[in-house]
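**Q** Need coordinates for the following:
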Amino acid sequence: MRGKECRRADVDRSKVSKGKMGRLFQRLIETRETSETSIRSILFLQDVGHQKVGTPMASPISVVLTEMAMQRYEEEVLVDAPPSLKLWVRCVDDVFVVMRKGEAEPFLDLLNGKNEAIQFEIEKEENERLPFPDIMVKRNGATLTTRIYTKGTHTNRLLDYNRCHPVAHKRSVVKTLWSRVEKVCSTDDSWREERSHFKKVFRDNGYPNSVVRRWTTQQPNVEIGDNRRYAPRVTVPYQEGASEIAARFPRKHGVEEVLNPETRCMEP
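**A** Numbers count the residues shown, from 1 in each chain. Have a look, this model is predicted:
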C-alpha cells in the first residue's frame, strides 16, 4: 500500500448521510447533558469527583462518540502523513503503522500535535517482532506473518468444564478461541504450535478431548446478509441438568432459550 493510498484511510465508513449523522450527534450530546450529573460524577472513598474531559464513563453513547471522533481524527492526520507511510491499521485506540524508522518520531509528533486530548505513545519492533492486540506480528523481509499473542502474565485459566454453567457456554469458549486461531495464524508452523497449545490449555481446564475435537473440526454455519432469521428469545435461570432438558420445549415453537448462570433456581 503506497503512502498516497494510505492517506485515504482504508477503513469502513458509515453510509449514513451527514445530516442524519449530525442529528444523531446532537441527540447524543443532549442525552449526555441531561444525564451529566448521574453519569459524569464519580464516587471514590466518600469523595465525589466530576469528570470534565472526555465522554461519560460507563455510558453506552461513549462508544459511538469515541469512534466518530477517532474517524474524524484519522481523516485529518492521514492527509498530512509522510509518503513513507505504507500501512495504517487502527483497532479502537491502538494503531499499527508500517513506515521508515527515521520518520517514526516526527510522525508521532504530528499525531500528538493535532489534539491535546488524543496523545499516542510509540512502541517499535524488537527482533523483527511487534505485538498488536492479541496478535504477534513478525517481519520476514517484506512479508508480515501473524500468530496468537498473550502476555506473560496470562494464566490460561478459562471457564472450567466442571463448573455449574450451561454446556452451550462451555462449547462457545472452545469455538470462539479456536476461531481466533484459525483467523490469526498465518503460517502452518504457527497453526500447529497453537493447536497443540490449544489442546493442552483446554485439557488443563477439564475439557474432554471429544468436546475439543468436535468443535475445532466443525465447519461454521453462518448465514450472510438478509437471509438471516432472528428467533424470539427468552432468558431463564440456569439449573444444572434441568435447564438443558427444559430448553427443548421452546425450540419446538421457534423460541430460543438463553440460560443465565448468574440467576440460580432456588430450592424451596
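**Q** which residues sit in contact with residue 195?
**A** For residue 195, the contacting residues are 181, 216, by CB atoms under 8 Å, 6 or more residues apart in numbering. Bear in mind the C-beta positions are built from the backbone N, C-alpha and C, glycine included.
**Q** buried stuff in the helix or strand encompassing it?
**A** Applying DSSP states H and E as the criterion places residue 195 in helix 188-204. Residues of helix 188-204 classed as buried by neighbour count (16 or more other CB atoms under 10 Å): 190-191, 194, 198, 202.
**Q** Following element in sequence after it, please.
**A** helix 209-217.
**Q** what's the very next helix or strand once past that following helix packed up against?
**A** The helix or strand immediately downstream of helix 209-217 is strand 233-238, counting by DSSP H and E. Here strand 233-238 touches helix 243-246, strand 256-264, going by 3 or more CB pairs under 8 Å, 6 or more residues apart in numbering; DSSP states H and E.
**Q** Partner strands of strand 233-238, with direction?
**A** If you go by DSSP bridges, strand 233-238 pairs up with strand 256-264 (parallel).
**Q** what mean pLDDT would you report for stretch 185-197?
**A** Stretch 185-197 comes out with an average pLDDT of 90.
**Q** Worst mean pLDDT among the helices and strands packed on strand 233-238?
**A** strand 256-264 (a mean of 63).
**Q** can I assume residue 130 is in contact with residue 123?
**A** Yes - counting by CB atoms under 8 Å, residue 130 does reach residue 123; the two are 7.0 Å apart.
**Q** the more surrounded of those two?
**A** More crowded of residue 130 and residue 123, by other CB atoms under 10 Å: residue 130, with 19 against 10.
**Q** Just confirm that one is within a strand.
**A** Yes - under DSSP: H, G, I helix; E, B strand; the rest coil, residue 130 sits within a strand.
**Q** quick one: it from residue 161, how far?
**A** Distance of residue 130 to residue 161, computed by CB to CB, to the nearest Å: 35 Å.
**Q** The stretch 1-150 of the chain: helices as residue ranges?
**A** 3-6, 18-34, 36-39, 61-79, 104-114 (DSSP state H, counting those that start in this stretch).
**Q** Can you pull the domain assignment for this protein?
**A** Domain segmentation of the chain under automatic domain parsing yields 3-122, 169-217, 231-264.
**Q** Help me confirm that residue 95 comes into contact with residue 85.
**A** No - if you go by CB under 8 Å, residue 95 and residue 85 don't touch, sitting 11.0 Å apart.
**Q** before we move on, back to that, hmm, which two among the buried residues of helix 188-204 are most spread apart?
**A** Greatest spacing in those, by CB to CB: 190 and 202 (18.5 Å).
**Q** pLDDT score assigned to residue 172?
**A** Listed pLDDT for residue 172 reads 88.
**Q** which residues are in contact with the helix or strand hosting it?
**A** According to DSSP H and E, residue 172 maps onto helix 167-184. Here helix 167-184 makes contact (CB under 8 Å, 6+ apart) with 134-135, 146-148, 158-159, 161, 191, 194-195, 198, 202, 207, 211-212, 215-216, 218, 220, 244, 259, 261.
**Q** Just the buried residues of those.
**A** For the contacts of helix 167-184, buried by 16+ other CB under 10 Å: 135, 146-148, 158-159, 161, 191, 194, 198, 202, 207, 211-212, 215-216, 259, 261.
**Q** distance between the ends of stretch 179-188?
**A** Using CA to CA, to the nearest Å, the gap from the first to the last residue of stretch 179-188 comes to 15 Å.
**Q** Enumerate every residue touching the residue nearest to residue 204 when sequence neighbours are not counted.
**A** Distances taken as CB to CB, 6 or more residues apart in numbering put residue 156 closest to residue 204, at 6.8 Å, once the chain neighbours are dropped. Residues in contact with residue 156 (CB under 8 Å, 6+ apart) are 201, 204-205.
**Q** Show me the contact partners of the one helix or strand residue 251 maps to.
**A** Assigned by DSSP H and E, residue 251 belongs to helix 248-252. Helix 248-252 is contacted by residues 234, 256-257 when judged by CB under 8 Å, 6+ apart.
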